[in-house]
Structures are given as structure tokens and as C-alpha cells.
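# Below: sequence and its predicted model.
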There are 2 protein chains.
Amino acid sequence: MRSTMQEAPLVITDLFRHGRAVYGDSEIVTLEESGSRRASFAEVAERAERLAAALKRLGIEAGDRVATFSWNVQEHFEAYMAVPCMGAVLHTLNFRLFPEQLAYIVNHAEDRVIIVHHTNLPLLAAVMDDLKTVEHVIVVGPDSGEVPHALAYEELLAAEEPGFAWPDLDERSAAAMCYTSGTTGNPKGVVYSHRSTYLHSLASQSGASFGLSERDRILPLMPMFHANAWGLPYSGWSVGADFLLPNRFAQAEPFCKFITDERATFAGAVPTVWNDVLRHAATNPVDLSSLRMIICGGSAVPRSLMEAFQERFGVPIIQAWGMTETSPLAAVSWPPKGSPADEEFTWRAKTGRIMAGVELRITGDDGAALPWDGESVGEIEARGPWITGEYYLDEAPDKFHDGWLRTGDVGSVDHKGFIQITDRAKDVIKSGGEWISSVELEGVLIGHPDVVEAAVIGVPDERWDERPLACIVAADRDACSFATLREFLGQSVAKWQLPERWAFIDEVPKTSVGKFDKKVLRARYAEGELEVTTI
Amino acid sequence: MRSTMQEAPLVITDLFRHGRAVYGDSEIVTLEESGSRRASFAEVAERAERLAAALKRLGIEAGDRVATFSWNVQEHFEAYMAVPCMGAVLHTLNFRLFPEQLAYIVNHAEDRVIIVHHTNLPLLAAVMDDLKTVEHVIVVGPDSGEVPHALAYEELLAAEEPGFAWPDLDERSAAAMCYTSGTTGNPKGVVYSHRSTYLHSLASQSGASFGLSERDRILPLMPMFHANAWGLPYSGWSVGADFLLPNRFAQAEPFCKFITDERATFAGAVPTVWNDVLRHAATNPVDLSSLRMIICGGSAVPRSLMEAFQERFGVPIIQAWGMTETSPLAAVSWPPKGSPADEEFTWRAKTGRIMAGVELRITGDDGAALPWDGESVGEIEARGPWITGEYYLDEAPDKFHDGWLRTGDVGSVDHKGFIQITDRAKDVIKSGGEWISSVELEGVLIGHPDVVEAAVIGVPDERWDERPLACIVAADRDACSFATLREFLGQSVAKWQLPERWAFIDEVPKTSVGKFDKKVLRARYAEGELEVTTI
């Protein structure tokens, strides 16, 4: 039996129109050298219409890829609206990639246009000769001298009229794409649909996830090129939340001031950013009292960081879990109702509680599903309407399993649906047949005042097959004792898991999106480049 | 270009599974004569599986209609889960309907099974002979003597095993149906799909609408047979909110005690219920401090009621707008951010702010769209994925307009997307070519302490074509002066809109779902049954 419901497609265009019609007075604020630059939703919407008209005039048609190469600024936001709504595909490029990776991605996606922030022109100029499909470069900002035949964003917009006729779209058509920054092999493309983005927007507004409303002022500190900007441009726009875009001023001092000045209520960033804020606040006056919550993800959030934020600022850091392949939101770590106060951080330190709309399972080595007992450890697999089922033009059968995405994260799930990631699949440490969680060891170590960063890797061991090696970035090596750190670790971790091998490093090598790149550390260890102390 | 996203259907089964797996400890509390009866989500889910197995054994197949005839109790909730998830169609029957309407609806929907609460057995027994398609009556509760061949709910469940194998379903297949209680013609059926219900659930969890989370304890005072229970069983279940079901104890005293005892955080009901609470609280101790918000709809919410609740209990009443045809949620009246405190109630007194996912337009007499200027008045039309596009097996071309639902509500929309309903289309008053809003006049009148209820209808007038007649239910007719009421009204309403004609009535006639039935009043006036005073 069929329903009597209307056949209304789930398209970003409807979210866009809604934000414009109902919340035209809400604002997008961009941090500039000279201070805050402001535009209302009504103005941004009109500029998005002009941008769509300009792109159409340049020959962009349905399904064509339009890339961005930009910081978090108003014009990037305009592209987030204009490109999908005109039926084209927004491809957000990570400007921290190595040049070869960048060229590979642009060529693989066959981007026809790149919208670039003027401060990123040198980076783009360096690879322009290798880009085979790019016909136009549109420059946001004053300077367009370094790339031949570049077009000025503002001139293009000024030449058009507002009132673009948005086309009717199929909800399953492509809206945006993003490449994963795999540490092995070529980057792989994920293509979001209008439907997946629409659903992800509604789901992330839920009181069970971000609880977004018009009263929010959202500060996305994570780059908007990263994982669809955590979906915030669409979820926040459709409820009329204001946006505070930090541009390239991502250092602790300017963005703390931005939070204070603009009364941000909601901010999102990776843990290292919040660590920087803590350090900055140790010697500077910082007022984050306007924030109702901070969403934190991208890597494990140390409990000590959450506790410090609660104590110093009274602001809850809530951990979220997801990845490019999951749009990205899949789990949010709100503590369960009725938890005693002293258990709250135990829950919040878990990776996240699975959200409605996402199905998860853990699979063991034999591919069979493991119970949700909080103990059984296996690879996390995900399924659902905003989870990718393949990579763009890239066979990757080892990344999928009977229609489920293999997330590459290893961990357990408990009977309340809380995930505890213990490692990336490629970083697991198996000692004498038992798992040791590098993520757990790192989370404890980072809580010690002498430790700036900590990465734990598995290294070969004759007796136990593998044992952990703790690589420490210290504030002051002379003042930092491995024996003390080992003892500190022993207060939270079982004795057999404590590393015998310790080494100082200058910094933890990271991928282009700031994740620990442990294969580099393992290679250094293998080549004898690390000075290892055994205790 | 297609996306790489998975093909995951939007089905209630996924919301059901999620609530069970992640929030198994949340609870459904039913108010009984003997006190609160409790069951965990895990228990309710297992019972839903047994119910599905029992229905299957009775021959229920995909698409078959299974009706309920019940108060808000745990077993009704179990049917809300079991019936759609097994692929059948939940048909919630209004037990306040006239017997002929009830029989019409059951026969029209071709219900094969009716699940009835034992206290409603006499009502059902009275029409059983007229029900042509009903094969089984399943009785919840001890008493099944009055209907031949009735089956006992608990016995059926006890005979089955848990672990029903839920089928894969098409997201556009029917999940539930509900008949509108039109005051003219036969009731008309609306059939919700899995997709529409799933989307409505996510949308109503949003911080822009109800902001539901696990920390909520939801008390639905409106009957669960009404408009899909405002979607709450699905939206609340999927975030793990507890439910407090008041059963047949819907009088102010027991349910105020229920709110207090069970620490409800969120309650929903029509305005008259909250008026009763106010009256009850005038002479009794009432503690509603656990409520974070009350959602109120079904008819216009008087500003005086919202103000009184805020003052007396510190609880915001938030108005919502929708109808059976809109699943039902379409607008929620949160005041815009930045509103000065003295404007807050002006905003909250509006009918609602359009929510993301719903498209609205106002059309004038010529069918053309009118501007959102807060002044232009026309019929409100709605479009979107949880709005009906037709009625079940019932041609009703006058109810639809170019793919839009004609809501039958007349009003304006302002530039912030706030709807102000001024009348039902069939109740409009047009005086000398100008609209007079009966809803507005009633909303002011109800704020006068001498007035218990007020209904304003249009009556023929030689000079102005139509003029308003105010029909007043007074607490004490001797103490109530029409001249005083007219003066009171004159403080808020333009002079030319003030009624000259006034009449006392014993009560406002109402439809089976409690809405004012003004055609009855107009008929009484036409037949000279009202004693009209002209001032």
C-alpha cells in the first residue's frame, strides 16, 4: 500500500530557500585583518544567486565540479550554497595537501573551476601547470596577479543579476565531494548527494546531537574544506543560526578574541586547537562564557582536556565521531541521563554515542559481528543514508563489507551504544595476543603537564610479537622523566600495557588534515632514527 | 552525476531498532488507577516483536490495516512500533467519533484487526455489527466479554517468542493512517509513509522545533489517535526520551500530579487542557517546575494563557501549527533571537514560524501567491515531504492546488516566516469587503476573567454583508456584561471590528477532536435558537 504523501525531493535548495525566506536577518560574520565583516543571510543568498549565474555563464552545467581552495570566509559559504543548488558539485580542496596530491585530486575529480582565496594563490600557482581540466580560476580578494587568466570573484558577481532560477534536482544527484587524506595510496573521493546532506542536516540539528537553533552563533574552526565542514553550513543555515568564520586567523589569540567579541555559542575544532587555547589562557585573560558547547572531533579527545575546559571556562567539550565517508556525523558523546556527576567525564571521554540514522556493528577478524558488551574489540562498520557505499571512480573492495563501510577504526561498543575507539586499524598494537590501545595511552599521557604531544606506536618484540613505544613531545626534555611518565600512566592503565620503550620526538608527524601519521614514526623507528630509552 | 552514498531506505524500523539498541534503559510509564506502570524500551521492544508475531499469525500481511481504539497507554505505543515495522499500516481510530463516522472510517480503511482498550469496549460493541472488514478484536486489559470472539492482548503476546524478523520495506510504503474529522462530508484518510514519518521525526527533534533528547520525559496529553500522536512516539523513541502516558486520566488534577510525580520535561496538549490546569491551580497546589516547555496546538493559543503559565509556573507554552494532513508539525512559534523581552509574547502569540522542510505560500482569491508582508491575507498552502498530496481513495480536487495542500486555514505570513492564522477558510467573516479575524477576537475575549469560552461567527448583515456575532460561555451570566466585554475587546481591536451582536451559550459545540464547530452555531443562529443582544 502506498502513502498519500507528496513526492517532494530532499534537496539542499529547499534548505537554502528556507534559510533565506525565514531567517534573512541572520548573519555571516567573517574575521578580517581590519575586524569583523558582516553580511545578512538575505545578502549572502543574493550573492549566491549571482555566483550561480556567473558559473552558468562560464559554462558550468549540472554535474560539473566546481572546486574551492579557501579559508573559512563568507565567499566559501556562498559557494557552499550556490554550487549544489545550481546542480553542480562542490569540491572542497584541502590547501594543506602536498602539491602532487592536490594535482591528483583536481585531475581525478575533473574540476572545471576553482574558487580560490587570494592568500592561497601561491599554493595554487605552484600546481597550475599540472591541472588538466581546470578552465577558470576565480579569485576571492584583491590580488589575482599570480595565476594567468584569473577572474575576479567580485567582478563576476557584479556582472550578474540576483534571482537565479534554481533547477529542480533529483535528491540522489551529487551535491558535493571531498577526498579522504588516506596515509596510504591515492586520496579517495566521497560524493555527497542532496538527500544525504539534507538528512545529515536534520540529524545534526537534533537535541541528541548539536541541538542547533536560530539562537546559536556557530564558529567552525575546523576548515570548511574538511568533511563537508561537518555539515554545519547547511544545518545551521536552515535554522537561521549566525555564522562566525575565522578566515586564516586560527591561532588561539585571535580566535579567542573572536569568540568573545562575537559571542559565539557553538564552536567546533580538533583537540589540538583547544589544547592551544588552554595554553594561551594560562597566561592571558580569555572569556569563553558565551559558548554553550564545543564540539570536538577528528581525533580522540583527552579526558584531561575536557576536564580542564569545564574547570577553567565552564564550557562542555562534547566529543563527536565521524569521517569524510560518514558526512561526517555518526556519534556524539552526550553522557546518558541519570549518570552520577562523578561518572560524567567517563562517558564524555568515550568516542561517541551512535546517533539515530546511523547503523553500526563491530566485526572480528573472521568478519562476524561482535556483541555490544563494551569489551569485544573489532573494526567498526557503518551503514545508513549519509554513509558512503563506494569511492568515486575507485575500486576499493577492502573498504566495504556486505554493503557496510569499513571505517578503519577499531574499538568496542557498549550496551548503551557508546563507541570506544581504541585505534586506527592500521595502528593497532597486539601484544601477546592482547590488544593495547594506543589511543588510550596517548589520552592519559597528554594529561601530564610535562607532555605537549604523545604518540604510541607498536614495534616488533621477540617475546610478545609487538610492544608499545611511547613517543613524547616534551615542553622541556630536561625536566621530563620517562620513569615519572610511566608511573603516571600506571595510575590509569594495567601494568602489562605500560610501554617499556620511550623516545623524545620534536613533533608528532601529521597528515594534511592534522591527524597523527604513525606510519612515519614506525618508519623512523625501523630505520633507527629514534633514540629509544628502555625502562 | 550520482553520489557515492549508500541506498539506505528511510524506514521506521531503523528508528525502532536504534531506540532499542542504544536506549534500552529508557522507559514508558503508564498512569493506572493503582499508580505508575513502568516498562523499559527493551521490554516494550520485545513486546512489540511478540505483537508483530501474533498479528502475522492472525494473517496480517504487508499493507493490511491494523486499527487501534485506545487511550495513551503502553500497549498503544507497542502497536505504534510493531504495526508499521512489520509492513502493515497502523490506523489510529478516534473513539470520540459518532458511531456512524467510526463505522464509515473502519469500513473505508478496510481495517482487518482492531486493538481496543478494554474501557472502550462498549463504544466498539455498539458498532461491531456495522464493521464489514474486521476479523479480529484484540482487547487490552482484563475485560473482553462484550465483543464476541475477542482475543486477549496479553494471551496473544504470551504465545509468541521475541525476535521477530522485521522485513525490508520500501520507504514510500504506507506506515500509518489517520482520518481527518472534517465538519462537512465524510472523514478523509491521510496515509503516512515510512519516509515521511522518518523525516518528520528528525525535523521535530531539531533545536528549532522541540529539541528532543534522552534527557526529556515526554507527556503526550493529546490523544495518540490524533494526527499520528504529533509524531512523538517516533521522534522521542529514537533519541531515547522517556514517555509518560496519561491513559484516560486526562483531567487537570490527576495529570498535574502525574507531571509532578514523574518529573515530565515536555508536555503537549490543546489549549483547553491548559486552561483547565490554570483553573485547577487557582485553588490547588500545582508544581510544574520539571517542565522545560509545553507544546500547544490544535487551535489558536490565547496570549493570556501563555502569559498566565509563564507567570504562575515559569513554563513557556510554545505554540505549534499543523494538522493531520501535515504529519502534523509545520510551524513552531519560538520568538526570533534578539527580540526585546516585551515583544516576546507578541511573537509567541503568532501561530508559528515555518520549519525547515515545509514550504508554505498564501494564495488570494485568484489563486496567486501573496507577499510575506504580515498583512496580506489568504489561504495557507503547504508542500513538502511530510505533507499529504491526496486523500486515501477519495477524490478531493478542491483540497489541492497545483501540487500544494490547501490547508483550509486563512491568514498571513510575515517576513520572518511567522504565520498568523486568522480563521478557518469556512469560518471567515467578511465585513464591508474587509476581513475580521474570529480567531483574534476569541483570543482576546478568552483573556477576560468572566469568559470561560468564546466563539465568534459571521452572520448576515444588510449593510455590511456580514458582521461578527460573539457567542460567550460565561462563568456567571449575571455577573457578565456584554458592554464590558465589548469595551475590553476595544482595548486591543479596531473599533469597526467590534461585534454588535452578542449571545450567551452553554458551551461551544465541538468536533470529535475538540475543535470549535462553528457551522452548528451558525445553524442555531439561522434557526433563531440564539438569544442575541445588540449593543
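Perfect, thanks for sending it. All values derive from a computational prediction rather than experimental measurement. Numbering: from 1, shown residues only, chains lettered A, B, ... in the order given.
# So A:G458 is in contact with A:D427, correct?
Yes - in this structure A:G458 lies within contact range of A:D427 using CB atoms under 8 Å: 7.4 Å. In this view, the C-beta of every residue, glycine as well, is placed from N, C-alpha and C.
# What sits closest to the residue in the stretch 351-500 of chain A that chain B sits nearest to if chain neighbours are left out?
Of all residues in the stretch 351-500 of chain A, A:G417 sits closest to chain B, at 3.3 Å by CB to the nearest CB. Distance criterion CB to CB, 6 or more residues apart in numbering or on different chains; nearest residue to A:G417, sequence neighbours excluded, is B:V22 at 3.3 Å.
# before we move on, what about A:K515?
A:K515's closest residue in space is A:S299 (CB to CB, 6+ apart), at 5.8 Å.
# gap between the one you found and chain B?
24 Å (CB to the nearest CB, to the nearest Å).
# for the stretch 51-200 of chain A, which spans come out with low pLDDT?
A:143-146, A:182-184 (pLDDT under 70).
# Swap in 50 and give it another go.
Residues of the stretch 51-200 of chain A meeting the criterion pLDDT under 50: none.
# which of the residues in the lengthiest helix in chain A are buried?
The helix that spans the most residues within chain A, counting by DSSP state H, is helix A:41-57. Within helix A:41-57, the residues that count as buried by 16 or more other CB atoms under 10 Å in any protein chain shown are A:41-56.
# How about stretch A:387-405?
A:387-392, A:399-400, A:404-405.
# With stretch A:95-111 instead?
Neighbour-count burial for stretch A:95-111 [16+ other CB under 10 Å]: A:95-97, A:101-106, A:108-109, A:111.
# can you put those residues in JSON lines and add secondary structure and distance to A:P223?
JSON lines is the format used below for the buried residues of stretch A:95-111 (DSSP: H, G, I helix; E, B strand; the rest coil; distance: CB to CB, whole Å):
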{"residue": "A:F95", "secondary structure": "coil", "distance to A:P223": "8"}
{"residue": "A:R96", "secondary structure": "coil", "distance to A:P223": "8"}
{"residue": "A:L97", "secondary structure": "coil", "distance to A:P223": "12"}
{"residue": "A:Q101", "secondary structure": "helix", "distance to A:P223": "15"}
{"residue": "A:L102", "secondary structure": "helix", "distance to A:P223": "14"}
{"residue": "A:A103", "secondary structure": "helix", "distance to A:P223": "19"}
{"residue": "A:Y104", "secondary structure": "helix", "distance to A:P223": "19"}
{"residue": "A:I105", "secondary structure": "helix", "distance to A:P223": "15"}
{"residue": "A:V106", "secondary structure": "helix", "distance to A:P223": "17"}
{"residue": "A:H108", "secondary structure": "helix", "distance to A:P223": "20"}
{"residue": "A:A109", "secondary structure": "helix", "distance to A:P223": "18"}
{"residue": "A:D111", "secondary structure": "strand", "distance to A:P223": "18"}
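# Which residues are in contact with A:L31?
Contacts for A:L31 were tallied using CB atoms under 8 Å, 6 or more residues apart in numbering or on different chains; they are A:37, A:244-247, A:249, A:254-255, A:258.
# scratch that, A:W435
Counted by CB under 8 Å, 6+ apart, A:W435 has contacts A:377, A:410, A:422-423, A:428-429.
# Take the residues you listed and keep only those in strands.
Counting by DSSP state E, those place A:410, A:422-423, A:429 in strands.
# hang on, the earlier thing: got a list of what the residue of the stretch 351-500 of chain A closest to chain B touches?
Neighbours of A:G417 in contact, by CB under 8 Å, 6+ apart: A:353-354, A:360, A:372, B:21-23.
# Of these, which is the nearest to A:Y179?
A:L360 (23.9 Å; CB to CB).
# so the closest one touches A:T326, yeah?
No - applying CB under 8 Å as the test, A:L360 and A:T326 come out as separate, 10.1 Å apart.
# Overlap in contacts, these two.
The contact lists of A:L360 and A:T326 share A:A382, where a contact means CB under 8 Å, 6+ apart.
# Show me which residues of the stretch 251-400 of chain A are close to chain B?
Counting by CB under 8 Å from any CB of the partner chain, the stretch 251-400 of chain A comes close to chain B at A:334, A:336-337, A:353-354, A:356-357, A:359, A:372, A:383-392.
# how about a cut-off of 10 Å?
A:325, A:327, A:331, A:334-338, A:353-360, A:372, A:382-394, A:400 (CB under 10 Å from any CB of the partner chain).
# Any of the residues you listed buried? List them.
Buried among these (16+ other CB under 10 Å): A:325, A:327, A:331, A:334-337, A:353-360, A:372, A:382-392, A:400.
# Show me the helices in the stretch 251-400 of chain A, by range?
A:252-262, A:271-283, A:303-313, A:344-348 (DSSP state H, counting those that start in this stretch).
# so what's A:E135 up against?
Residues near A:E135 by CB atoms under 10 Å, 6 or more residues apart in numbering or on different chains: A:58-60, A:64, A:111-114, A:149.
# partners of the closest residue to A:W372 other than its chain neighbours in the sheet?
In space, and not counting its chain neighbours, A:W372 is closest to A:V413: 4.5 Å by CB to CB, 6+ apart. Assessed by DSSP bridges, A:V413 has beta-bridge partners A:I419.
# what does the one 10 residues further on give?
A:D423 has the following beta-bridge partners by DSSP bridges: A:V410.
# isn't it right up against A:V410?
Yes - between A:D423 and A:V410 there is a contact under CB atoms under 10 Å: 4.8 Å.
# So for the residue lying closest to A:G211 once chain neighbours are set aside, what's the pLDDT?
Leaving aside its sequence neighbours, A:G211 sits nearest to B:G207 (CB to CB, 6+ apart; 4.0 Å). At B:G207, the model reports a pLDDT of 97.
# Perfect, I'm done here.
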